[in-house]
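Trainee: build me a model:
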Amino acid sequence: MKKRIEKHDNGFVLATKNRRPISLIYYEAYLAARDAKRRELFLKGGKGHDELKIQLQDSFRKIKYEFN
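Mentor: Here you go, the predicted model:
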């Protein structure tokens, strides 16, 4: 995970290159790589993305930060 975060924070990942610096605010861990990939695809898709956004909005409200 540290290497992946470093790649994002150092601008080697196109998706986050223009949004640096980044901060890790949420993660999930899995024993099997296929389970992690399945979950990642779900969260990047429609319903999963919407559910994650709602979950994060609730967390940010608790720390008085608005998520757009």
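Trainee: ok, the nearest residue to residue 9 once chain neighbours are set aside to residue 38 distance?
Mentor: Distances taken as CB to CB, 6 or more residues apart in numbering place residue 22 nearest to residue 9, at 5.4 Å, with adjacent residues excluded. Heads up, the C-betas are built off the backbone N, CA and C, glycines and all. Using CB to CB, to the nearest Å, residue 22 is found at 24 Å from residue 38.
Trainee: likewise for residue 1?
Mentor: 18 Å.
Trainee: pick out whichever of the two has more residues nearby.
Mentor: More crowded of residue 1 and residue 38, by other CB atoms under 10 Å: residue 38, with 12 against 8.
Trainee: quickly find the element holding that one.
Mentor: helix 33-44 (DSSP states H and E).
Trainee: return the helix or strand just after that helix as PDB; C-alpha atoms alone will do.
Mentor: Note on helix 33-44: by DSSP H and E, the next helix or strand toward the C-terminus is helix 46-62. Only the C-alpha atoms of helix 46-62 are listed here, as PDB (Å, rounded to 0.1, in the frame of the first residue of the first chain):
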ATOM      1  CA  GLY A  46     -22.300   3.400 -10.500                       C
ATOM      2  CA  LYS A  47     -24.000   2.000  -7.400                       C
ATOM      3  CA  GLY A  48     -20.800   1.300  -5.500                       C
ATOM      4  CA  HIS A  49     -19.400   4.700  -6.300                       C
ATOM      5  CA  ASP A  50     -22.600   6.300  -5.000                       C
ATOM      6  CA  GLU A  51     -22.600   4.200  -1.800                       C
ATOM      7  CA  LEU A  52     -18.900   5.100  -1.100                       C
ATOM      8  CA  LYS A  53     -19.600   8.800  -1.700                       C
ATOM      9  CA  ILE A  54     -22.500   8.700   0.800                       C
ATOM     10  CA  GLN A  55     -20.300   6.900   3.400                       C
ATOM     11  CA  LEU A  56     -17.500   9.400   3.000                       C
ATOM     12  CA  GLN A  57     -19.900  12.400   3.200                       C
ATOM     13  CA  ASP A  58     -21.100  11.100   6.500                       C
ATOM     14  CA  SER A  59     -17.600  10.800   7.800                       C
ATOM     15  CA  PHE A  60     -16.600  14.200   6.600                       C
ATOM     16  CA  ARG A  61     -19.700  15.800   8.300                       C
ATOM     17  CA  LYS A  62     -18.400  14.300  11.500                       C
END
